[in-house]
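Novice: Test case, fold it:
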Amino acid sequence: MGNYILRRLLLLVPILFGISVATFVLFRAIPGDVAVIICGQTGSPECLERVRDQLGLNRPLLVQYTDWVGGIFRGDFGASMLSHVSLASELRHRFPVTLELLIMTNIIALALAIPAGVISAMRPNTPLDLVVRFLSVLGLSIPNFFLGTLLILLPLIWFDWTPPLGGYKPFFEDPWTNLQQFIFPSLALGTAIAAGLMRLTRSSLLEVMRNDYIRTAWSKGLRERTVVTRHALKNAMIPVVTVLGLYIGGLMGGTVILEMIFGLPGLGRLALESILLRDYPIVQGLVLISATVFVLVNLAVDVVYAWFDPRIRYA
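Specialist: So this is what the prediction gives:
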């Protein structure tokens, strides 16, 4: 296991190198110039040239890339070309927001998906199973931005109340306001994840319940709850954990719209604002950080496999 984890961590180096090159080149291929944003559409050529010289945009791309990567090895992920605020400073303020949103989203998704998937699998083709499957299709069909908008409008129409929008409050400073700010975007993000995981839990558990060792457990006279929780569910969770890992990695980008709708100052909102303003250093750093998180989450998923099924060994 230790050698496997070490090899995966070493593989992280070429992966991140490829992502950094692709990010650096592609963002500079997008039409637009940060110098035009600073000087304005009617800015003089002298102003444009002066800004490009100050920001280093007129240097060769290889030199710009080398400086950027060198800064990362020194712990410097760059700074905004417009506000001159470092990405490290932005991370200290914004990462806790996105992290809390991701944690609450996954808690809601798992709390909805696993019990519903188990109940649906243990009562197949019953009215309860049909209702759960219908709700899962409905959850997959509704876009999270549309659901997020509904979660703001419906309480306003029905109860003349809206969740606190803007003015982020940390949990330890004001727990009640914090939960009101995060429960609705987390629910909007978690609904589609819960729907997908529920269907996967159901199909995986139905397959596991057909195995011989499950029939042996039934023949011993064990209760249904014991058979499911102690014998079937762990093996059924392996594909669920795989998909959950992909969802967690994808949520790093999926928070963008919900953070904008609910006024949360997280990394997704920072990324969108930086892209619109052609703020290359911020975008490059965020993409690299997101890629690192995605790879590490998938490594954690592989390690969790061995806990769910001790028969799994990594050479």
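
Novice: what's whichever strand or helix holds residue 248 packed up against?
Specialist: Counting by DSSP states H and E, the element that carries residue 248 is helix 233-262. Using 3 or more CB pairs under 8 Å, 6 or more residues apart in numbering; DSSP states H and E, the elements in contact with helix 233-262 are helix 87-122, helix 144-159, helix 175-208, helix 267-276, helix 280-308. C-betas here are computed from N, CA, C, even on glycine.

Novice: buried stuff in the one helix or strand residue 19 maps to?
Specialist: In the assignment (DSSP H and E), residue 19 maps to helix 2-29. Within helix 2-29, the residues that qualify as buried are 8, 16, 19-20, 23-24, 27, counting by 16 or more other CB atoms under 10 Å.

Novice: Stretch 278-298 too?
Specialist: By neighbour count on 16+ other CB under 10 Å, the buried set for stretch 278-298 is 278-291, 294-295, 297.

Novice: just stretch 165-179 next, same as before
Specialist: Neighbour-count burial for stretch 165-179, with 16+ other CB under 10 Å as criterion, is recorded at 168-169, 177-178.

Novice: By pLDDT, give me the weakest of those residues.
Specialist: Least confident entry in the buried residues of stretch 165-179, by pLDDT: residue 168, with 81.

Novice: Can you tell me how far that one is from residue 101?
Specialist: 11 Å (CB to CB, to the nearest Å).

Novice: intersection of neighbour lists for those two?
Specialist: Counting by CB atoms under 8 Å, 6 or more residues apart in numbering, the shared contacts of residue 168 and residue 101 are residue 264.

Novice: dump the residue contacts of the spatially closest residue to residue 79 that is not a sequence neighbour.
Specialist: Spatially, and ignoring its direct neighbours in sequence, residue 79 is nearest to residue 86 (4.4 Å; CB to CB, 6 or more residues apart in numbering). With contact taken as CB under 8 Å, 6+ apart, residue 86 is in contact with 76-80.

Novice: returning to that earlier point: could the helices and strands packed on helix 233-262 go into CSV alongside distance to residue 39?
Specialist: Output for the helices and strands packed on helix 233-262, formatted as CSV (distance: least, CB to CB, whole Å):
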stretch, distance to residue 39
helix 87-122, 24
helix 144-159, 34
helix 175-208, 37
helix 267-276, 17
helix 280-308, 17
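
Novice: mean pLDDT lowest for which of the ones you listed?
Specialist: Of all the helices and strands packed on helix 233-262, helix 280-308 has the smallest average pLDDT, which comes to a mean of 81.

Novice: and the angle for that helix with helix 267-276?
Specialist: 150 degrees (axes from the mean of the first three to the mean of the last three CA atoms, to 10 degrees).
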